[in-house]
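Undergrad: Fold the following and give me the result.
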Amino acid sequence: MPNVNSIAEWLQNEAYTGNKPLAELQLQQTRARILLTVASLTYVILHGEYFTYYKVEALSFSALYFILNTFALITLRKRPFSLPATLFYPLLDVVIVTFGMLIDGGHSSGVYFMLLPIIIGNGLRFGNPMLIYAQVSCLIGMLCSTAYGYYTLQLPVDYTLLFWQIFTLLAVPFYAYLIVKKVEKAIYEKNAAEQSSFQLIDKGPLPVFTFELDAKQVPQTLYVNAAMVQLFHNTQADVLDQPADRLVLPEDSDEMIKFCRSAFRDDGDEIQQPSTSYLRGMDASGHIIKLMATAIRLRWQERWIGVCFLLDITERETLQEQMESVHRQGYMSTLVAGIVHDFRNVLTNMIGNAEVLQMNSSDPVIKQQIETIIEAGERGSELITHLLKLSRNSERKQPHTRTAGSALLQPLENIIGLARLQLPLNIRLVSTIDNTLPDVAIEIIEIEQILLNLINNAMQAIRESGLIEVSISSEDDQKAAQKQLCITVSDNGEGISEEDIDRVFKPFWTSRADKGGSGLGLTMVQRIVKRHQGKIDISSPANEQQTTVRICIPSYRAEEKTVTFPSAVAPYPSNDTPSVETAPQRILLVDDMPDILKVHQAIVTRLGHQAEAVESVDAALTLFADSGSHFDMIITDFRMPGKDGLELVQEIRKRNLSIPILMVTAFGEDQQLQRAESYAVTLMNKPVTIERMKEGIAKAVAASQT
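TA: The predicted structure is shown next:
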């Protein structure tokens, strides 16, 4: 038979202290017992049905209970564990709770719930044996109280409720015990993993430092390993207990602080994804080193710390190759599309003027020579069309698949970090990215192309020292009633003159040709944005040294709803179509090229129509809205800087659903042109001849009448 000492030793070994003194836990339990008793007594006094009859007994027993617990508070500090006291106090708790139930009307009293803390509290502190002991005591106490109330006070018994009370006393503590065991195991494994991780970090080849945030939210270095010391060629004393931003250049100090803070962005204990940033540092010899930093929050010795891993990527030649590959494909596609567009405009000018001269000439020899010029222009058009087809065949297919907003965060941080590494030392780059971004129908690589071009343009605009600010956010599009992804890039460089701001999107136009500018960066950005039905705006106030480019791309929609009109339109009239006579029309001509406008106006006039020409979409909309003007038809170019022909068509259709619209295009944006057809637009490709213009006008008029 086991003696008393062996039983006491067994119970003490089962106690769970959680690395705390046993006396401290018992003191906590005693204080909790007193508070619960005060709450129960208050409840019974205010609510107890039989309190008046048992007032003396209840108050006397409560006083005795408080005296015994006060005595326990005194003796526990000297003797934290006593077998008689360990077994006695749970019984005392059961007696006072069941007595309170009796006073309050029997087993259905709300005081019943005080039995659960008795069981769970003893089980948490003294393990499974005391859990069972407390359970049995509570069951016996509750049943005795119920029996006494039934036979002595004639209190009714709800047997269904009594069954569920017994079941609860058995089931709830059992599940609590299982949960605690799992938590204990998880804590043990976590502590073991922390110890193992830091042993590996201390001896590992990767530079690592740990940090925590002080009262001012400034990261302070706590620890550096040997690889960290070797990377910066200094001693641990030089960096320990110092602000973490001392490890990087002053220009990247703010970014380093923000990066370290991001490791503490979650308040809970849940697992978080590591933060990554690209920064510039300097070793003890004064050489610039480029670093890729990754930080994560870690629980260590009852507090949160940040752990940062650094990777020196100064000598990585693949970095430049990656950035060049991002540019190469987009530049080639934009280059070919720009050449095709501009060359077709040249052919339109040449063929149109040649046809006008041919009609005005009566000399057969001269007319034949002009015909030769026109035929040569037609052959040039065929060649440039073939070049465009070859370019399309070589382009990578990019269907408008869905890109989740959550998948954008890390790539955006990475590309901004990569761009920061390419900046001169005198330029700072700061960025803010919303934690929640909308899903978009654009690929990540296209967003990277946009960012790299805009940041590169901003860098070239800064002559000496300056600041580039990048903001990526989710905003509401009030017109479309949906979210949109907005990218804003600002710089405090030399700015753009008022006369040049309308030309920045033209292919091959650049104000920095002497510095290697190609004039294709913003053209490619505009092409990507327009392809995804986005908007791009650029501002550079004359009195402010700041240029801002703002791009907004609509969020992904599973079903794109496009306004479809009843006209069945056949694009690109050809010379094989029979000539059709059309009644004289009053036509509004829109094209950003003055020479092309003159040619089209001459051709339209030659065909017997009246024409008024404007060079921008805004001017066309103003003229169209003028009550003093009336137009029977609109002929517009498709690709124009600022607002293009498709945006003009969308605005016109809001005001007039039936007016004929003929769109002239260099056939460079297939997906956009397919959208134009849904607005009952007749398409005609460049170069434009008199016969094609005649047929295009006839088709547009006929389509509007069906």
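Undergrad: for the residue most central in space within the chain, phi and psi?
TA: The geometric centre of the chain, computed from its C-alpha atoms, lies nearest to Leu437 (C-alpha atoms, centre = their mean), at 3.4 Å. The phi and psi values for Leu437, taken as degrees, to the nearest 10, are phi -120, psi 150.
Undergrad: For it, which non-adjacent residue is closest in space?
TA: Excluding the flanking residues, the one nearest Leu437 by C-beta to C-beta, 6 or more residues apart in numbering is Gly405, at 3.6 Å. From N, CA and C alone the C-beta is placed, and that goes for glycine too.
Undergrad: Tell me the confidence at the one you found?
TA: Reading off the confidence values, Gly405 has pLDDT 87.
Undergrad: who are the neighbours in contact with it?
TA: Gly405 makes contact with 436-440, 474, 485 under the criterion C-beta atoms under 8 Å, 6 or more residues apart in numbering.
Undergrad: again with Leu231
TA: With C-beta under 8 Å, 6+ apart as the criterion, the residues that contact Leu231 are 207, 283, 289, 310, 312.
Undergrad: Narrow those to those that are buried.
TA: When burial is judged by neighbour count using 16 or more other C-beta atoms under 10 Å, the buried members of the contacts of Leu231 are 207, 289, 310, 312.
Undergrad: And Ile468, how close does it get to Leu421?
TA: 13 Å (C-beta to C-beta, to the nearest Å).
Undergrad: Could you look up the SS state of Phe51?
TA: For Phe51, the reduced secondary structure class is coil; criterion used: DSSP: H, G, I helix; E, B strand; the rest coil.
Undergrad: More neighbours: Ile468 and Leu421, which one.
TA: Remark: of Ile468 and Leu421, Ile468 carries more neighbours, 25 against 20, as counted by other C-beta atoms under 10 Å.
Undergrad: Confirm for me that the more buried one is in contact with Gln460.
TA: No - taking contact to mean C-beta atoms under 8 Å, the distance of 10.9 Å between Ile468 and Gln460 leaves them out of contact.
Undergrad: Domain map for the protein?
TA: The record's domain parsing of the chain by automatic domain parsing lists 4-189, 204-312, 405-554, 586-704.
Undergrad: Val346: which of those is closest?
TA: Each of those was checked against Val346 via C-beta to C-beta, and the shortest separation belongs to domain 586-704, namely 8.5 Å.
Undergrad: Run the chain-centre distance for that closest one.
TA: Using C-alpha atoms, centre = their mean, to the nearest Å, we find the averaged C-alpha position of domain 586-704 to lie 40 Å away from the chain's own average C-alpha position.
Undergrad: What mean pLDDT does stretch 447-460 get?
TA: In this model, stretch 447-460 carries a mean pLDDT of 86.
Undergrad: how distant is it from the center of its chain?
TA: For stretch 447-460, the distance between its averaged C-alpha position and the chain's averaged C-alpha position is 19 Å (C-alpha atoms, centre = their mean).
Undergrad: would you put the C-alpha positions of that stretch in CSV?
TA: As requested, the backbone C-alpha atoms of stretch 447-460 are provided in CSV (Å, rounded to 0.1, in the frame of the first residue of the first chain):
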residue,chain,number,x,y,z
ILE,A,447,2.8,45.8,-63.8
GLU,A,448,6.6,45.4,-63.3
GLN,A,449,7.2,46.9,-66.8
ILE,A,450,5.0,49.8,-65.8
LEU,A,451,6.8,50.4,-62.5
LEU,A,452,10.3,50.1,-64.0
ASN,A,453,9.6,52.5,-66.8
LEU,A,454,8.0,55.1,-64.5
ILE,A,455,10.8,54.9,-61.9
ASN,A,456,13.5,55.0,-64.7
ASN,A,457,11.8,58.2,-66.2
ALA,A,458,11.7,59.8,-62.7
MET,A,459,15.3,59.0,-62.1
GLN,A,460,16.4,60.6,-65.4
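Undergrad: what bridges to Val208?
TA: Here Val208 shows beta-bridge partners Phe309, assigned using DSSP bridges.
Undergrad: So it is in contact with Leu310, correct?
TA: Yes - the pair Val208 and Leu310 passes the contact test of C-beta under 8 Å, sitting 7.3 Å apart.
Undergrad: Could you pull out the residues contacting both of these two?
TA: Common contacts of Val208 and Leu310 (C-beta under 8 Å, 6+ apart): Met228.
Undergrad: before we move on, the earlier item: possible to save the buried ones among the contacts of Leu231 as a markdown table with distance to Leu409?
TA: A markdown table is the format used below for those (distance: C-beta to C-beta, whole Å):
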| residue | distance to Leu409 |
| --- | --- |
| Pro207 | 25 |
| Ile289 | 26 |
| Leu310 | 21 |
| Asp312 | 25 |
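Undergrad: least trustworthy position among those, going by pLDDT?
TA: When those are compared by pLDDT, Asp312 scores lowest at 80.
Undergrad: Could you pull up the residues touching that one?
TA: Shown in contact with Asp312 (C-beta under 8 Å, 6+ apart): 207, 231, 289-291.
Undergrad: if we go to 6 Å?
TA: Ile289 (C-beta atoms under 6 Å, 6 or more residues apart in numbering).
Undergrad: and the gap between it and Asp618?
TA: 52 Å.
Undergrad: confidence score at the residue nearest to the centre of the chain?
TA: At Leu437, the pLDDT recorded in the model is 91.
Undergrad: So which elements touch the longest helix that the chain contains?
TA: Ranked by residue count, the top helix of the chain under DSSP state H comes out as helix 159-203. Using 3 or more C-beta pairs under 6 Å, 6 or more residues apart in numbering; DSSP states H and E as the contact criterion, the secondary-structure elements in contact with helix 159-203 are helix 115-152.
Undergrad: Quick one: distance of the helix it packs on to the chain centre.
TA: In terms of C-alpha atoms, centre = their mean, the centre of helix 115-152 is found 53 Å from the chain centre.
Undergrad: Tell me the buried residues in that helix?
TA: Judged by neighbour count (16+ other C-beta under 10 Å), helix 115-152 contains these buried residues: 115, 117-127, 129-135, 137-139, 141-142, 145-146, 149.
Undergrad: Stretch 289-298 now?
TA: Neighbour-count burial for stretch 289-298, counted by 16+ other C-beta under 10 Å, picks out 289-295, 297-298.
Undergrad: What lies in contact with that stretch?
TA: 263-264, 274-281, 283, 304-314, 421.
Undergrad: what ranges do the strands span in the stretch 201-350 of the chain?
TA: Listed in chain order, the strands of the stretch 201-350 of the chain (DSSP state E, counting those that start in this stretch) span 208-213, 219-224, 275-282, 288-300, 303-312.
Undergrad: Show me what the first one is packed against.
TA: It stands for strand 208-213. Using 3+ C-beta pairs under 6 Å, 6+ apart as the contact test, the elements touching strand 208-213 are strand 219-224, strand 303-312.
Undergrad: tell me the angle of it relative to strand 303-312?
TA: For strand 208-213 and strand 303-312, the angle between their directions (axes from the mean of the first three to the mean of the last three C-alpha atoms, to 10 degrees) works out to 140 degrees.
Undergrad: Not counting strand 208-213 itself, show me its contacts.
TA: Among residues not part of strand 208-213, those counted as contacts by C-beta under 6 Å, 6+ apart are 201, 219-225, 228, 244, 260, 305-309.
Undergrad: of those residues, closest to Phe505?
TA: Using C-beta to C-beta, the contacts of strand 208-213 come closest to Phe505 at Cys260, 39.6 Å.
Undergrad: For the closest one, which non-adjacent residue is spatially closest?
TA: In space, and not counting its chain neighbours, Cys260 is closest to Pro219: 3.7 Å by C-beta to C-beta, 6+ apart.
Undergrad: quick one: contacts for the one you found?
TA: Listed by C-beta under 6 Å, 6+ apart, the contact partners of Pro219 are 211, 213, 244, 260.
Undergrad: Check which residues of stretch 105-117 are buried.
TA: For stretch 105-117, the buried set under the neighbour-count rule, 16+ other C-beta under 10 Å, comprises 105-109, 111-112, 114-115, 117.
Undergrad: Give me the mean pLDDT for that stretch.
TA: 79.
Undergrad: Show me what it is in contact with.
TA: Residues outside stretch 105-117 that contact it (C-beta under 6 Å, 6+ apart): 36, 40, 49, 97, 100-101, 104, 138, 146, 149, 155, 158, 161-162.
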